[in-house]
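Chemist: dropping the sequence and predicted coords here.
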Amino acid sequence: EVRRTTILAQAPQQSSGAHAVDGRLRARAPPLNVGPLPRRPPQGTFTMHSADSAPFAGQKSDVPPVRARTPSPIRKVHEQNAAVPLPARDLDVQPANIDIIYAEDEEVFRETAIHELLKVGFLRQNIHEADNGIGALEHLARLQMEGHCTMPLVVLLDVRMPGMDGRECALQIQELVKKRMLRREPFVICISSIHRQVTVDEGKGNFQVVLPKPINTNFLEEALELLRKWWTLGHGRQLAAWKTFDPSQLDIIAADTEPVCRLAASTAFSQAGVLPNAVAEAEDQDELMDALLESQDGDTKRPLIILLGTAAWAKTIRGFVDERKAAGQIRREPFVVCTSVDSDRLGGTQASEHFDAFLPKKLSQADVKWCLEFCRLWWQTRGDGNVDDDDEGGDGGADSASEADSVSVGSMGSLGN
């Protein structure tokens, strides 16, 4: 220890700005200008970087944005060049020059329908097949800039398909039409085994024409004639997607034997934007049916929602709707929501057919928002079915017709509004 202390004491003293080489003092070289050290992110956070941007360097704005997922068909349509002018419209409609998108998940029915389409004059190379609504939207996005752009574009949709059914696909198409995002607006036709339900119960939804499955040449020729009128004269029915849906334009009937439950349900929907004076309460079944009957004289442009806390009353509501619908007297069909304490159990039983949605007894705003979105989809996929002043046929069923509306082809080939 004594020897080590002596050696250290004899070592030359150096300043902080110089170092010794061969006993001589030389100026220390200036440090490299490397800039500030890169900052490390807080522990437990996730970061992304690419080859063009070093990780954790610079400000937060230097970190590249999250990479978008695979573009959906809707996103593809939005990304297309809106500056491209609309194609000229050729009024000489010939089946051989018409592009068709056909979405059907059953290959047997798809091939049968294509065989009938060829008989009418459509060409096989102009028929684009899909298994569901997503595939149909993919073809729709691509054919905006391809195909016979001066001729009509026809979309044939089955109703029940996996992934995206025909109802949702038709609604998505009309949403694009409303936003003027399509250069080629399609003529949407439903081909389904439940064509009568789509026609009568749903007012043809967002379909210009409803055809039964399997189709034949007679149905296709009639639909082709309607297509020509729609393309050349602009004759077509106003579709359900064009109806407005706003929480402030809703009417609600809160029905429950417990006053506290009625108050909780009505308050939750009022917080979501429903006007307090648009909420009616019913404490028993008789009051509920009186309120439902009175609501039939209300504004048909306003959706009607029934928040039902007593599940046993749902069958009476359904009977009222079915009876009125059969007589052509239903003006406002309600969207029935089960708010019973047993809503989870009822959802898996046969009683669920009387309800359109299920909510827990203790509602949260997330539950209410989900219910309103579900109601919007229901509202905008059902035909208007209103009683027009100049329409003596009632609710726009299969027997009424008008020049301004396109028609639905029934199972017997008869034409109606």
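Modeler: Yep, it's here.

Chemist: tell me where this protein has helices.
Modeler: For the chain, the helices defined by DSSP state H occupy 2-10, 73-79, 107-120, 133-142, 166-178, 195-196, 217-233, 259-271, 285-295, 314-326, 343-346, 365-379.

Chemist: turn those helices into CSV, including distance to residue 154.
Modeler: Backbone N, C-alpha and C define where each C-beta goes, glycine included. CSV is the format used below for the helices of the chain (distance: least, CB to CB, whole Å):
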stretch, distance to residue 154
helix 2-10, 95
helix 73-79, 17
helix 107-120, 10
helix 133-142, 11
helix 166-178, 12
helix 195-196, 17
helix 217-233, 7
helix 259-271, 41
helix 285-295, 39
helix 314-326, 30
helix 343-346, 41
helix 365-379, 24
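
Chemist: could you point out which of these sits nearest residue 211?
Modeler: Among the helices of the chain, the nearest to residue 211 by CB to CB is helix 217-233 (5.0 Å).

Chemist: pretty sure residue 86 is touching residue 183, no?
Modeler: Yes - Residue 86 is in contact with residue 183 according to CB atoms under 8 Å; the separation is 5.7 Å.

Chemist: which of the two has more neighbours?
Modeler: More neighbours surround residue 183 than the other of residue 86 and residue 183, with 18 against 10 (other CB atoms under 10 Å).

Chemist: measure that one to residue 230 for me?
Modeler: Residue 183 sits 17 Å away from residue 230 when distances are taken as CB to CB, to the nearest Å.

Chemist: before we move on, what about residue 364?
Modeler: Where residue 230 is concerned, residue 364 sits at a distance of 45 Å (CB to CB).

Chemist: those two: which has the busier surroundings?
Modeler: Each of residue 364 and residue 230 has its neighbours counted (other CB under 10 Å); residue 230 has more, 19 against 11.

Chemist: enumerate every residue touching the more buried one.
Modeler: Taking CB atoms under 8 Å, 6 or more residues apart in numbering as the contact definition, residue 230 lies against 152, 187, 208, 236, 406.

Chemist: same question, residue 316
Modeler: Residue 316 sits next to 285, 288-289 when contact means CB under 8 Å, 6+ apart.

Chemist: check contacts around residue 220.
Modeler: The neighbours of residue 220, taking CB under 8 Å, 6+ apart as the test, are 116-117, 119-120, 211.

Chemist: quick one: contacts for the residue nearest to residue 194 when sequence neighbours are not counted?
Modeler: Closest residue to residue 194 apart from its sequence neighbours, by CB to CB, 6 or more residues apart in numbering: residue 159 at 5.9 Å. With contacts defined as CB under 8 Å, 6+ apart, residue 159 is in contact with 165-167, 190, 192, 194, 198.

Chemist: turn the helices of the chain into a markdown table, columns for mean pLDDT.
Modeler: Conversion of these to a markdown table gives the following (pLDDT from 0 to 100):
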| stretch | mean pLDDT |
| --- | --- |
| helix 2-10 | 48 |
| helix 73-79 | 65 |
| helix 107-120 | 94 |
| helix 133-142 | 94 |
| helix 166-178 | 92 |
| helix 195-196 | 89 |
| helix 217-233 | 94 |
| helix 259-271 | 93 |
| helix 285-295 | 95 |
| helix 314-326 | 92 |
| helix 343-346 | 61 |
| helix 365-379 | 92 |
